[in-house]
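Student: any chance you can model this:
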Amino acid sequence: MGKPIEDIRGPQRNDNMSIQNSLQKSSSFFSGDKNTPSVFPNPTIASFEEKDKTEIKEIDSEIRSNPFLMRYAHHGGGQEDFGRLGGRKTGSGKRTLWIFAGVACLGALFSLSFMFAKATVLVTPHTYTVTLDDVFEARYQSDVGVSYETMSVENTETETVTSSGSTTGDVTATGKVRLYNEYSTTKQSLLINTRLEAPNGNIYMTDTATVIPGYTKVGAEIVPGSVEVSVHAEKGGVGYNSEPTDFIIFGWKNDPIKSKKFYARSTTPLTGGSTGLVYTISEEEYNAKIASLQQTVEQKVRNQIYAEVPEGFFTFDDAIMIEEKERTYARSSSDVAVPVTLSLKATAFIFPKDSFVSALRQKSSFDVPVSPETILALDNTEAVAFVLTPESKSVTATAVTVQATGDIVLRAVYAKEDLLAGLLGTKTKKVTDILADNDAILSIKVKMRPLWKRTFPNNPADIEILEAVNE
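Tutor: This is a model prediction of the structure:
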């Protein structure tokens, strides 16, 4: 409890009237409460609520305007400051509670961040540039030195030429048939205009010379060799239009064996036969359109070869050989737009990259500072001039000679699975040790989430390894 007001003031001080009046008001205000000190009490909440609020505010205002009374209000005993009923202590408690809750939340978030930790690892492998001016000997499907395989694609394009002339006559029906060889394992060559006879006696002729492959066997079963070819009716008119049907090869019609072992079946309906006004194109117009189609189809088969080269192989323009499979046009057409068709086949030599690198490493000029155990991969074969010798440009060749000139880039290959296994659960500072033990890797950059984590996750799914390109 505080001392009486006289003890605090001292006998030597001269109080002004406002202080005395304030003391008197406060004393008389609480004089009705027998448990309250007579000079300057700190009232209980119950007695405080019974008083007139207007008078309380007036007294509180006078106390707040007087420094002396304010000092007593702060030091005068009781549980709470007058005029601040529980406000200061209660506010401080709430702030403490909020601070404690905030710290607890931050701690929880910090712990959770470790539970969901992730790591991204950016690996830059070593690369080496080697200048080539070398000749390589390659053999078909060889296990020694440079090896190569073959792959083939075909493409057919049809474009129209607007007719420059017309006449009255018959238009021949056209379509496609597939020729079969069950006679022998030896291929059979057929000339252009080889005649095929339908069951109704109509004759159709092949548009191009062709070769039917020999048959093969799967166990005891004979699989006939076959080839597709375009045909046209021997004569014009609607009578030669037909749904798909079977044919015999007219030249072997009277041979009891070949007539059954060599045969044909149409793969499309035979259509276009008509009588009346027909349209034609000149030989010059035909040749000009064929030359244009040659460029178009050749580019398409080359693009198709590059798109379909298997993973781990490469090829180049000089290793792609193109042959014509078919060229046709309607000698007479019922439409003013006369169709012209060209079909090309592309066969490419494709080289395994690893066998080429192995042969390159055997060269005396090879000078790359890596151990023999380090795998090297080709990165830019398109930047090197590869050329086949003239005698190598044959689809039936069993060995080819390749001249290589230019700068080729070799990229060291690291074992991604081994790197991942070495990172699991280790400290990030151990990356320097991994670099020292792996001559395939130039640098490793690590990004951790959260940023303050310094240990790689233990779960492989939480570590992402990316490979950068070393410029």
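
Student: the helix or strand Gln403 falls within pairs with which strands?
Tutor: Element membership of Gln403, judged by DSSP states H and E, is strand 399-413. In the sheet containing strand 399-413, its partner strands are strand 127-140 (antiparallel), strand 375-378 (antiparallel), strand 385-388 (antiparallel), by DSSP bridges.

Student: can you list contacts of the next helix or strand after that strand?
Tutor: Stepping forward along the backbone from strand 399-413, the first helix or strand reached (DSSP H and E) is helix 416-423. For helix 416-423, the surrounding residues in contact (C-beta atoms under 8 Å, 6 or more residues apart in numbering) are Ala119, Val121, Val123, Ile434, Asn438, Ile441, Phe456, Pro460, Ile463, Ile465. Using the backbone N, CA and C atoms, a C-beta is placed for each residue, glycine as well.

Student: give me the buried stretch members for helix 416-423, please.
Tutor: Applying a neighbour-count criterion of 16 or more other C-beta atoms under 10 Å, one finds Leu419, Gly422, Leu423 buried in helix 416-423.

Student: check the offset of that helix from the chain's centre.
Tutor: A distance of 23 Å separates the C-alpha centroid of helix 416-423 from that of its chain, computed with C-alpha atoms, centre = their mean, to the nearest Å.

Student: try stretch 195-210
Tutor: If you compare the mean C-alpha spot of stretch 195-210 with that of the full chain, they lie 50 Å apart, counting by C-alpha atoms, centre = their mean.

Student: now do the phi/psi pair for the nearest residue to Ile320 once chain neighbours are set aside.
Tutor: For Ile320, ignoring the flanking residues on the chain, the nearest one in space by C-beta to C-beta, 6 or more residues apart in numbering is Ala348 at 4.5 Å. The phi/psi pair for Ala348 (degrees, to the nearest 10) reads phi -120, psi 140.

Student: how far away is Ala348 from Phe316?
Tutor: Ala348 is 9 Å from Phe316, where distance means C-beta to C-beta, to the nearest Å.

Student: who's more crowded, those two?
Tutor: Ala348 (27 against 20; other C-beta atoms under 10 Å).

Student: give me the beta-bridge partners of the more buried one?
Tutor: Beta-bridge partners for Ala348, by DSSP bridges, are Met151, Ile320.

Student: touching, it and Met321? I think so.
Tutor: Yes. At 7.4 Å, Ala348 counts as touching Met321 under the criterion of C-beta atoms under 8 Å.

Student: sorry, back to before: just the pLDDT for the residue nearest to Ile320.
Tutor: Each residue has a pLDDT score; the one for Ala348 is 96.

Student: just Ala108 next, same as before
Tutor: On the pLDDT scale, Ala108 is placed at 54.

Student: now for the closest residue in space to Val135 that isn't next to it in sequence: which residues touch it?
Tutor: Closest residue to Val135 apart from its sequence neighbours, by C-beta to C-beta, 6+ apart: Gln403 at 5.5 Å. For Gln403, the contacting residues are Asp134, Val135, Ala385, Phe386, Val387, Leu388, Thr389, taking C-beta under 8 Å, 6+ apart as the criterion.
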